[in-house]
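> 3D, please:
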Amino acid sequence: MDKPDTTFRVLCANDPNDHIEWTRFWRSWPEREVFAHPNYVKLFSTGRDRPLCACLDSDQGKVLYPFIFRDLGSEPYWTPALGRAADIVSPYGYGGAYFWGCRSRVELENVFWPSFNAWAKENAVVSEFVRFSLFDDRILRHPGTLRENRKNVVRDLRIDENALWMEFKHKVRKNVKKARQSGVRVEVDLAGARLADFLRVYVNTMRRRGARDDYFFQNDFFRTLRTDLAGQIAFFHAFHRGRVVSTELVLISSRVVYSFLGGTDSGAFDLRPNDLLKYEIMLWAKSQEKSCFVLGGGYEPEDGIYQYKAAFAPTGSVPFMLGYRTFEEQAYSELLSAGKGFAAQNGVTWQPREGHFPAYRA
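The predicted structure follows:
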């Protein structure tokens, strides 16, 4: 499959030598997106899952595609009759096949995807699900089906501070002023020294919102994030009378800062600490010469959380795209039937949740 001037490899972050190669390749990339760092991908691979990355180094350009390889042999409905089977998914956040050093994206796609598809076939990959980067000019076009999930908010920071301030909706400026007048102050915590405070506020916020179980990350997750991604993360804390009342963990790439996880004490809502917190994150990001701050979206399209974020960037709405495709249609159907059969054996009538992909994991 390889040409003399083309190297295609799939590296595993669990392998020490592969980890070194993956990290070296990642560091050669000007954007250095945190979601493609081997230690980030490792955070979201558990059990028999493997944190992998497809790397292409060619005259046409370079590609780095991080994903999690999930062995379906560990699923309760799997049987030997189904044969070897796996699927792949991008880790939590944003992903896709990132590229750089490219003369022609089309030419690079024509080199990368055939090599990747051949690898997927050799490794019995049944399906693929991707959460795409919001910056679609930095990723290869995906050969599968694309669907817009919901809008995300991106705050452009390439303007002066006064222009940034005036682009906020009036209520944001009002809330920032109120927070300051109430004595709220913000501190950046690059080392994660106040992790306990962050966890207290974050967990209580998730409980209050009735968040899904997968938002309740274990404490070890945050400790690993703090140690293994040093320099790629920062905590920001809003204090009132010496107590952290609002907090946010951000991820840091070469040019972009991402809002990742955070929360606010319900008893401090009237102080409007989160408005000030987000504004101070933007000012810090500008001081670090970052081009934009990704605030993310809501739980549902156009919900209150999305509207709150959009007030910081009224013209910064960007579609958050998902991608999916099936490599082996027959295997996909057999897995779906196996899932229904397993449920029936346990006295359950099961139908996949509408819109979920792959359906056998719904």
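
> how about the helices in the chain?
For the chain, the helices defined by DSSP state H cover 16-27, 38-43, 105-122, 161-167, 170-181, 195-209, 219-228, 273-287, 304-310, 329-345.

> JSON lines for those helices, including mean pLDDT?
Compiled in JSON lines, the helices of the chain are given as follows (pLDDT from 0 to 100):
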{"stretch": "helix 16-27", "mean pLDDT": "98"}
{"stretch": "helix 38-43", "mean pLDDT": "97"}
{"stretch": "helix 105-122", "mean pLDDT": "97"}
{"stretch": "helix 161-167", "mean pLDDT": "98"}
{"stretch": "helix 170-181", "mean pLDDT": "98"}
{"stretch": "helix 195-209", "mean pLDDT": "93"}
{"stretch": "helix 219-228", "mean pLDDT": "92"}
{"stretch": "helix 273-287", "mean pLDDT": "98"}
{"stretch": "helix 304-310", "mean pLDDT": "95"}
{"stretch": "helix 329-345", "mean pLDDT": "93"}
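
> quick one, domains of this protein?
Domains of the chain are assigned by automatic domain parsing as 6-143+328-361, 152-319.

> got JSON lines for those, with mean neighbour count too?
Where C-beta positions appear, they are placed from N, C-alpha and C, glycine not excepted. Listed next are the domains of the chain as JSON lines, based on neighbours: other C-beta atoms under 10 Å:
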{"stretch": "domain 6-143+328-361", "mean neighbour count": "18"}
{"stretch": "domain 152-319", "mean neighbour count": "17"}
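
> about what we covered before: Cys55: which of the helices of the chain is closest?
For Cys55, the closest of those is helix 16-27, at 5.3 Å, according to C-beta to C-beta.

> circling back to that earlier point, distance to Pro51 added to the helices of the chain, as JSON lines?
Output for the helices of the chain, formatted as JSON lines (distance: least, C-beta to C-beta, whole Å):
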{"stretch": "helix 16-27", "distance to Pro51": "9"}
{"stretch": "helix 38-43", "distance to Pro51": "4"}
{"stretch": "helix 105-122", "distance to Pro51": "16"}
{"stretch": "helix 161-167", "distance to Pro51": "37"}
{"stretch": "helix 170-181", "distance to Pro51": "38"}
{"stretch": "helix 195-209", "distance to Pro51": "23"}
{"stretch": "helix 219-228", "distance to Pro51": "12"}
{"stretch": "helix 273-287", "distance to Pro51": "28"}
{"stretch": "helix 304-310", "distance to Pro51": "29"}
{"stretch": "helix 329-345", "distance to Pro51": "22"}
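
> among the ones you listed, which is nearest Gly263?
Comparing the helices of the chain by C-beta to C-beta, helix 195-209 comes nearest, at 2.7 Å.
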